[in-house]
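Novice: Everything below, folded, please.
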Amino acid sequence: MAPERATEIVPSEAAAVSDGQTGDADEPTPRLFTVDEYYKMAEAGILRPDERVQLIEGKIITMPAIGSRHAYNVRRLMRLFDARVRDRAGVHSQSPIRLANGGEPEPDVAIVTLDPSDPKAYESRHPIPSETLLVLEVSDSTLSLDLGEKAAMYALHGITDYWVVDLMGHRVVIHRDPTPDGYTSVRSLESGETVSPLAFSDIMFTIDEILG
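Specialist: Prediction:
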C-alpha cells in the first residue's frame with residue numbers, strides 16, 4: 001500500500017484554516033479491520049500464533065501476558081460455572097465469540113446456548129450474540145479496557161449479561177440492559193451479596209465464591 005501524502009497548505013488555505021474553516025481536507029481516521037482480514041493476517045504470518053491479540057471493534061488489541069493469578073481464577077470460574085449450568089448450557093474459556101464483522105473478542109468465560117439437535121454446532125463457527133447468555137472478564141491488569149471499550153462493544157452488540165470480576169477491587173461489576181450507547185444498568189456487587197445470571201434465575205452465586 002502506497003504511503004499517504006501529506007496535504008500542503010498554501011497561503012490562501014492557511015488563512016481559511018486560521019478562520020476556523022477546514023476546507024476540503026479530510027480528517028485522518030483509523031484504518032479498521034474486518035474479521036476476515038484479521039484471519040488472513042494470521043494465515044499470512046503477520047500475526048504470529050503466539051501473539052495474544054483480540055479484534056475489538058475493528059482494532060487489533062494486544063493483550064497482556066496471562067499471569068498466574070489471572071489464569072488460576074479463570075480456571076476456577078470455569079469449574080464453578082460448569083458445575084452449576086452443566087447440561088443446560090456450554091461453558092467456554094478464552095474462546096472467540098463472533099459479534100460482527102469488526103469484532104471477535106475472546107472473553108475469559110462465556111456461557112453459550114446448547115442445541116441438543118446439533119451438538120457440534122460450534123465446530124464450524126463461533127457463537128454469536130443471540131447464543132451468548134453471559135460473558136465474564138477477569139480483571140487484574142485490564143480493568144479500564146473491560147469496563148470501558150469492551151463494555152461498550154458488548155452493549156452495542158446486544159450481550160445481555162456482562163460481568164467484570166475485579167480482582168483488585170474485590171467486586172463484581174454487573175452490566176445489563178444493553179443499548180447502542182452502552183449498558184443502562186451497571187451495579188457493583190461486593191462481599192456478602194449474591195447474583196443470578198439473567199438466563200438462569202434459579203442459579204444463585206455469592207460474590208465471595210466468584211471472587212474466590
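Novice: who does the lengthiest helix in the chain touch, helix- and strand-wise?
Specialist: Assignment by DSSP state H gives helix 68-85 as the longest helix of the chain. Packing partners of helix 68-85 (3 or more Cβ pairs under 8 Å, 6 or more residues apart in numbering; DSSP states H and E): strand 90-92, strand 109-112, strand 132-139, helix 207-211. Placement of C-beta: from N, CA and C, glycine included.
Novice: I'd like to know which elements the shortest one is packed against.
Specialist: In this structure, strand 90-92 packs against helix 68-85, strand 109-112, with contacts taken as 3+ Cβ pairs under 8 Å, 6+ apart.
Novice: I'd like to check what contacts that strand. Which residues are they?
Specialist: Strand 90-92 has contacts (Cβ atoms under 8 Å, 6 or more residues apart in numbering) with 78, 81-82, 85, 107, 109-114, 122, 127.
Novice: and those, which are buried?
Specialist: 78, 81, 85, 107, 109-113, 122, 127 (16 or more other Cβ atoms under 10 Å).
Novice: just those now: which is nearest Lys150?
Specialist: Lys150 lies nearest to Pro107 out of the buried ones among the contacts of strand 90-92, by Cβ to Cβ, at 8.4 Å.
Novice: Enumerate every residue touching the closest residue in space to that closest one that isn't next to it in sequence.
Specialist: Nearest non-adjacent residue to Pro107, counting by Cβ to Cβ, 6 or more residues apart in numbering: Val135, 4.7 Å away. By Cβ under 8 Å, 6+ apart, the contact set of Val135 is 97, 107, 109-111, 154, 159, 161-163.
Novice: Show me the beta-bridge partners of Val135.
Specialist: Beta-bridge partners for Val135, by DSSP bridges, are Ala110, Tyr162.
Novice: ok, it to Met41 distance?
Specialist: Val135 sits 25 Å away from Met41, going by Cβ to Cβ, to the nearest Å.
Novice: Quick one: mean pLDDT over stretch 177-185.
Specialist: Here stretch 177-185 scores 97 as its mean pLDDT.
Novice: So, low pLDDT: which residues of the chain?
Specialist: Low-confidence segments of the chain (pLDDT under 70): 1-25, 39, 102.
Novice: ok, now with 50
Specialist: 1-23 (pLDDT under 50).
Novice: Tell me where it has strands.
Specialist: For the chain, the strands defined by DSSP state E cover 53-56, 59-62, 90-92, 109-112, 132-139, 161-166, 171-179, 182-189, 194-195, 205-206.
Novice: Let me have those strands in JSON lines, adding distance to Pro28 as columns.
Specialist: Shown next, in JSON lines, are the strands of the chain (distance: least, Cβ to Cβ, whole Å):
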{"stretch": "strand 53-56", "distance to Pro28": "20"}
{"stretch": "strand 59-62", "distance to Pro28": "15"}
{"stretch": "strand 90-92", "distance to Pro28": "38"}
{"stretch": "strand 109-112", "distance to Pro28": "35"}
{"stretch": "strand 132-139", "distance to Pro28": "31"}
{"stretch": "strand 161-166", "distance to Pro28": "32"}
{"stretch": "strand 171-179", "distance to Pro28": "29"}
{"stretch": "strand 182-189", "distance to Pro28": "26"}
{"stretch": "strand 194-195", "distance to Pro28": "43"}
{"stretch": "strand 205-206", "distance to Pro28": "46"}
